[in-house]
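Student: Prediction below, plus the sequence it came from.
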Amino acid sequence: MITQDAQRLVALIRAQFGLPDLIAHMTRLLAASSDPVTVDQAATAGGWTPEQVRAELARHPGVDWTEDGRIAGFGMTLHPTPHRFTTDDGQTGYGFCASDALSYPVILGHPSLIESTCPITAQPIRVEVTPDEIVSVDPPGAVVSRLRPEAAVADVRAEICALGNFFASAEAGAGWQTRHPDTTLVLITQDFQVTREAAIELGWAAARV
C-alpha cells in the first residue's frame, strides 16, 4: 500500500501524460548516451510507433528539442537547469524540477549526487541519494517546494515543474511559498519517499540485480 501523497502523484502523472512510461525511457536513454535522442529511438525503447511519440511530445510545450529534431529533454534534460544530478558511474543530467531530480536514482538504479542552489539565499544544496534512501542533505534542513494539482495542466513544465525548487530551509522558502500559495514545502527525505513510491507503482524503477 503506497501513501496518499504517492497515489496523488501517480494519478497526476497518468492524467498528464498519454504515454507515462516515456518519461522513464527518455531518462534512461538521455543518461546513457549524454546525447539527444531521436523520436525513433524513444519509440523503440517503449514499444510505440514514432507517430505515437511525436503526438505525445506535441502535447508538451516544455520539451527541449534540438535544431535537427532530436529530443534533448523530457523530464530529464541535457540542457542546464538549477537541478543537476550525477550518478556514481558518471552520468550527468538536469531535472526540470527538484522532485524530478530526486526520482532519477530510482529510475536509473544508481546512487547519485544532486546539486542545486537555493533561489532565495544562493546557498548551495547537495543531496546524496541511492535508489532506496537519502544518504545526506547539506544543509540538513533543506526542503523541496512542489505543486500537485488535481487535474492535468496545459504546460506541465511551466505550470508545475517551474515551481519545484530546493530551498536551504523552510524559513528560506516561506516568503516564496506565500507568493505561490498552491505549493507546499516538504523535507527532501519526505519528497524522495513519495517520488520513489510513485516510480515503483508506475513500473519505472530500475530492475534490481
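Tutor: Happy to help now that I have it.
Student: Quick one: neighbours of the closest residue to Asp35 other than its chain neighbours, just the number.
Tutor: The shortest distance from Asp35 to any residue other than its chain neighbours is 7.6 Å, reached at Leu78 (Cβ to Cβ, 6 or more residues apart in numbering). All C-beta spots, glycine's among them, are computed from the backbone N, C-alpha and C. Per other Cβ atoms under 10 Å, the neighbour tally for Leu78 reads 19.
Student: pLDDT wise, what is Leu78 at?
Tutor: Here the pLDDT value assigned to Leu78 is 97.
Student: So it versus Gln91, what's the distance?
Tutor: Separation of Leu78 from Gln91 (Cβ to Cβ, to the nearest Å): 11 Å.
Student: Overlap in contacts, the two.
Tutor: With contacts defined as Cβ atoms under 8 Å, 6 or more residues apart in numbering, the residues shared by Leu78 and Gln91 are Ser34.
Student: Report the buried residues of the top helix by length along the chain.
Tutor: For the chain, the longest helix by residue count, based on DSSP state H, is helix 188-202. Within helix 188-202, the residues that count as buried by 16 or more other Cβ atoms under 10 Å are 188, 191-199, 202.
Student: out of the residues you listed, who's nearest Ala45?
Tutor: Relative to Ala45, the closest of these is Leu202; by Cβ to Cβ it sits at 15.6 Å.
Student: contacting residues for the closest one?
Tutor: Neighbouring residues of Leu202 by Cβ under 8 Å, 6+ apart: 10, 13, 20-21, 24.
Student: Most neighbours among those, please name it.
Tutor: Sorting the contacts of Leu202 by how many neighbours each has (other Cβ under 10 Å) puts Ala24 first, at 24 neighbours.
Student: Pull up the gap between the residue nearest to Arg126 when sequence neighbours are not counted and Cys118, please.
Tutor: What sits nearest to Arg126 in space, not counting adjacent residues and going by Cβ to Cβ, 6+ apart, is Asp138, at 4.6 Å. Distance, Asp138 to Cys118, by Cβ to Cβ: 12 Å.
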